[in-house]
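Student: structure, please.
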Amino acid sequence: MDSAGIPWYSTGTVNLTQGSSNVAGVGTNWVNAGLKVGDIFTIDKSRLYQITAINSNTSLSLQEAYQGATGTAQVYFVIRNFAGTMQAQIAAQVSELVNKYESYIDTELKQITGPAGPTSFPYRGTWATGRSYNGLDVVQYGNQLYMALYGHTSTSANAPGATGTAWTQLTFDASFPATEAAISVLANSGAKNIIPNNGPISETTNGVSFVKDSSGVVTVHGTATSNVVFRLDAFELAQGEKYILSGCPPNGSVDKFILFCRQEPYSSANPRFDDTGNTITFTSAGGMHIAGILVTAGTTMNNSTFRPMLRNANIRDSTYVPFGKTNSQLTEITRDIGDTGWITDLDATLPYSYRKKNGITYVINAGELKQGFNANVYNNVILLPPEYRPKVPIYFLSPSAPANILCFGRVSPDGYIAFRPSVDIPAGTGIALNISFPV
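Tutor: As a prediction, the model looks like this:
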């Protein structure tokens, strides 16, 4: 795992000599990956060595001489010191930005009152009726800051922003919004966009080509001979949470093209789509959702660019970013389970093979369905042993179900891999399966 937010780093291999403190890397990237002095180096996860120098991307030094047998092309692991992890770096950057945020507020309040005025003001939290406020008190109201012009008791008639108000809104210079946006991105650690991205995809259907790049941006071109849908991926949304969908290019409409996010099974009474190039906000009923692009019959797309993004409505920064794991996902500690070779289970409803390598479970199918699938319900077909199971539910789309049939997949923490097809699928049908997930 190469991410700076995950404790283990093991890209490439190493050459070691017994009695030497020098480590030579092959295919390693130690400087660029951010390894630090104080990180821990190990071959067998039992004998640990502290790193004292990162000399280059392919050379590092240990505090004591290597005690194991001399060898080449050996698998290794580096345990990151917390001070060098992504979370620590993010925390430091957020702290710096918050200090700037507070500095902007203090500077602007000085400008409001003049050089001889006070340098700080009592902050009274969120404004509410029935409270006594003094002149120069500061409150939050409607995601804005207001300062009281004189002492008064609050009522709905003199709320901030009302006609004849007792308040004045505090405004900030042009650099403040940029700081606020930076805090939002850092605090979410790249996890703002929750539409999964399983890599580049190219697909041409009904006269329209869809090309999705590695960052999740989709370019659409051609004239649709009939309605065509390009499905992005399946995922689960929390019940009662508000979300914002964005990324449709301008000039879209429901009779031309849309970017959609819809709950499954689909209900026409509850659509979620962006067709204006702006955004749509909705409250989720929970459960499985799917995002995609619809181009209607007769519509011509001229290399139109979609930037599909679904974010929690509490994140106000609308700048597009690719899909990213949440902080909680990044900081999960991988179970220390030895890697395994392929294991095949031919007795399952869908015969399959599985293995684990570097904390990742890989599953592929090895046969056809032994019994049929029922439509619109999850059918448990595979059961993984405990050490191969994910910590949270994993959702995916079956990459190859029978033609024109949408088949959702789910891997549960209890080990079951289940499928839910849009129509009944009989026994003997081939379902392609090739998935991986952290354990």
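
Student: how near is the residue nearest the centre of the chain to Ser215?
Tutor: Centroid-nearest residue in the chain, with Cα atoms, centre = their mean: Gly324, separated by 2.8 Å. Using Cβ to Cβ, to the nearest Å, Gly324 is found at 11 Å from Ser215. The way it works is simple: take the backbone N, C-alpha and C, and place the C-beta from them, glycine included.

Student: also Thr344?
Tutor: Thr344 is 36 Å from Ser215, where distance means Cβ to Cβ.

Student: ranges for the strands of the stretch 51-200 of the chain?
Tutor: Per DSSP state E, counting those that start in this stretch, the stretch 51-200 of the chain carries strands over the ranges 59-62, 71-74, 77-79, 123-126, 132-133, 138-141, 144-148, 152-153, 167-169.

Student: remind me what the last one packs against, helices and strands.
Tutor: Helices and strands touching strand 167-169, by 3 or more Cβ pairs under 8 Å, 6 or more residues apart in numbering; DSSP states H and E, are strand 144-148.

Student: what residues go with each domain of this structure?
Tutor: With domains defined by automatic domain parsing, the chain comprises 8-84, 88-183, 201-321, 343-438.

Student: now the helices for the protein?
Tutor: Remark: helices assigned in the chain by DSSP state H are 86-113, 175-188, 327-330.

Student: need the nearest residue in space to Thr205, chain neighbours excluded.
Tutor: Ranked by Cβ to Cβ, 6 or more residues apart in numbering and with sequence neighbours excluded, the top spatial neighbour of Thr205 is Val228, at 4.8 Å.

Student: what about Thr219, how many residues nearby?
Tutor: Neighbourhood size, Thr219 [other Cβ atoms under 10 Å]: 15.

Student: doesn't Thr305 make contact with it?
Tutor: Yes: between Thr219 and Thr305 there is a contact under Cβ atoms under 8 Å: 5.7 Å.

Student: in a markdown table: the domains of the chain, plus distance to Ile195 and mean pLDDT.
Tutor: Conversion of the domains of the chain to a markdown table gives the following (distance: least, Cβ to Cβ, whole Å; pLDDT from 0 to 100):
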| stretch | distance to Ile195 | mean pLDDT |
| --- | --- | --- |
| domain 8-84 | 27 | 86 |
| domain 88-183 | 20 | 69 |
| domain 201-321 | 5 | 84 |
| domain 343-438 | 12 | 84 |
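
Student: if we can go back for a sec, ok, the residue nearest to Thr205 - contacts?
Tutor: If you count contacts by Cβ atoms under 8 Å, 6 or more residues apart in numbering, Val228 has them with Thr205, Asn206, Gly207, Val208, Leu294, Val295.

Student: kindly report the same for Ser202.
Tutor: Ser209, Phe210, Val211, Lys212.

Student: which residues does it bridge with?
Tutor: Beta-bridge pairing for Ser202 (DSSP bridges): Val211.

Student: how close does the residue lying closest to Ile382 once chain neighbours are set aside sit to Asn358?
Tutor: Ranked by Cβ to Cβ, 6+ apart and with sequence neighbours excluded, the top spatial neighbour of Ile382 is Ile417, at 3.9 Å. Computed as Cβ to Cβ, the Ile417 to Asn358 distance reads 21 Å.

Student: the two: which has the busier surroundings?
Tutor: Set Ile417 next to Asn358 and count neighbours by other Cβ under 10 Å: Ile417 wins out with 27 against 13.

Student: got the contact list for that one?
Tutor: Ile417 makes contacts with Tyr352, Val363, Asn380, Val381, Ile382, Leu383, Leu384, Gly409, Arg410, Val411, Leu433, as judged by Cβ under 8 Å, 6+ apart.

Student: cool, and Gly19?
Tutor: Gly19 sits next to Ala65, Tyr66 when contact means Cβ under 8 Å, 6+ apart.

Student: the one 5 residues further on now?
Tutor: Residues touching Ala24, when contacts are defined by Cβ under 8 Å, 6+ apart, comprise Val14, Asn15, Leu16, Thr58, Ser59.

Student: any idea how far it is from Ser246?
Tutor: Taking Cβ to Cβ, one finds Ala24 at 48 Å from Ser246.

Student: who's the residue nearest to Asn314 when sequence neighbours are not counted bridged to?
Tutor: Excluding the flanking residues, the one nearest Asn314 by Cβ to Cβ, 6+ apart is Lys242, at 7.7 Å. On the basis of DSSP bridges, Lys242 takes part in beta bridges with Thr283.

Student: and if you look at Ile290?
Tutor: Ile290 forms beta bridges with Ala234, Arg262, as assigned by DSSP bridges.

Student: same question for the one 4 residues further on.
Tutor: Beta-bridge pairing of Leu294 under DSSP bridges involves Val229, Ile258.

Student: just give me the neighbour total for it.
Tutor: If you count neighbours by other Cβ under 10 Å, Leu294 ends up with 20.

Student: surely it is in contact with Lys256?
Tutor: No: between Leu294 and Lys256 there is no contact under Cβ under 8 Å: 9.4 Å.

Student: ok, back up a step: out of the strands of the stretch 51-200 of the chain, flag the one nearest Val31.
Tutor: strand 59-62 (9.4 Å; Cβ to Cβ).

Student: distance between the closest one and the chain's centre?
Tutor: Relative to its chain's centre, strand 59-62 lies at 34 Å (Cα atoms, centre = their mean, to the nearest Å).

Student: list the contacts of the residue lying closest to Leu170 once chain neighbours are set aside.
Tutor: In space, Leu170 comes closest to Leu145 once its chain neighbours are excluded; the distance is 4.4 Å by Cβ to Cβ, 6+ apart. By Cβ under 8 Å, 6+ apart, the contact list for Leu145 reads Ile105, Val138, Val139, Gln169, Leu170.

Student: put the buried members of the contacts of Ser202 into a PyMOL selection.
Tutor: A single PyMOL command selects the buried members of these (16 or more other Cβ atoms under 10 Å):
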select buried, resi 210+211+212
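
Student: which among the contacts of Ser202 gets closest to Gly68?
Tutor: Among these, Lys212 lies closest to Gly68 (Cβ to Cβ), at 45.2 Å.

Student: that closest one reaches Ile201, doesn't it?
Tutor: Yes: shown here, Lys212 and Ile201 form a contact pair, counting by Cβ under 8 Å, at 4.5 Å.

Student: and the contacts of Val228, which two are furthest apart?
Tutor: Comparing all pairs in these by Cβ to Cβ, the longest separation belongs to Gly207 and Leu294, at 14.3 Å.

Student: and Thr305, how many neighbours?
Tutor: Using other Cβ under 10 Å, Thr305 is surrounded by 12 other residues.

Student: residues touching it, list them.
Tutor: Counting by Cβ under 8 Å, 6+ apart, Thr305 makes contact with Val217, Val218, Thr219, Val220, Pro249.

Student: with Ala162 instead?
Tutor: By Cβ under 8 Å, 6+ apart, Ala162 lies in contact with Ser156.

Student: and it, how far from Thr70?
Tutor: Ala162 sits 79 Å away from Thr70, going by Cβ to Cβ.
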